[in-house]
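Enquirer: Have a look at this prediction, sequence included:
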Amino acid sequence: MVISLAFAVLIAAIYYGGRSHWNTMIVDRWQLIDQPSLNLVITGFFMLIRFYLVFALLAPTLALHWTLKRLDRTKH
């Protein structure tokens, strides 16, 4: 979980650190997408990262932690 969170923060820092450069490259120079669509893609990407961190990592980790804690309590 910590590694995934660090990776998400790293991706966000890289994007927001070079946001003006990447926006200029993608929108103006390469002409791949227009600015409003790029904002939607970036927002969707960060929402998917949040979904992955919460539901694919945090929820099963908490369930496993609680299960192991309960099993340890019943053992003693």
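Expert: In hand now; what should we look at?
Enquirer: Do a quick rundown of the helices in this protein.
Expert: 2-17, 19-23, 35-51, 59-75 (DSSP state H).
Enquirer: can I get those helices in TSV with mean neighbour count, distance to residue 29 and mean pLDDT?
Expert: From N, CA and C alone the C-beta is placed, and that goes for glycine too. Putting the helices of the chain into TSV (neighbours: other CB atoms under 10 Å; distance: least, CB to CB, whole Å; pLDDT from 0 to 100) gives the following:
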stretch	mean neighbour count	distance to residue 29	mean pLDDT
helix 2-17	11	17	82
helix 19-23	12	10	86
helix 35-51	12	13	89
helix 59-75	10	41	90
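Enquirer: for the residue nearest to the spatial centre of the chain, what are its contacts?
Expert: The C-alpha lying nearest the average C-alpha coordinate of the chain belongs to residue 49 (CA atoms, centre = their mean; 2.5 Å). Residue 49 makes contacts with 8, 11, as judged by CB atoms under 8 Å, 6 or more residues apart in numbering.
Enquirer: Go ahead and confirm residue 38 touches residue 27.
Expert: Yes. At 6.0 Å, residue 38 counts as touching residue 27 under the criterion of CB atoms under 8 Å.
Enquirer: Look up how far residue 30 lies from residue 68.
Expert: 50 Å (CB to CB, to the nearest Å).
Enquirer: ditto for residue 19
Expert: Distance from residue 19 to residue 30, by CB to CB: 16 Å.
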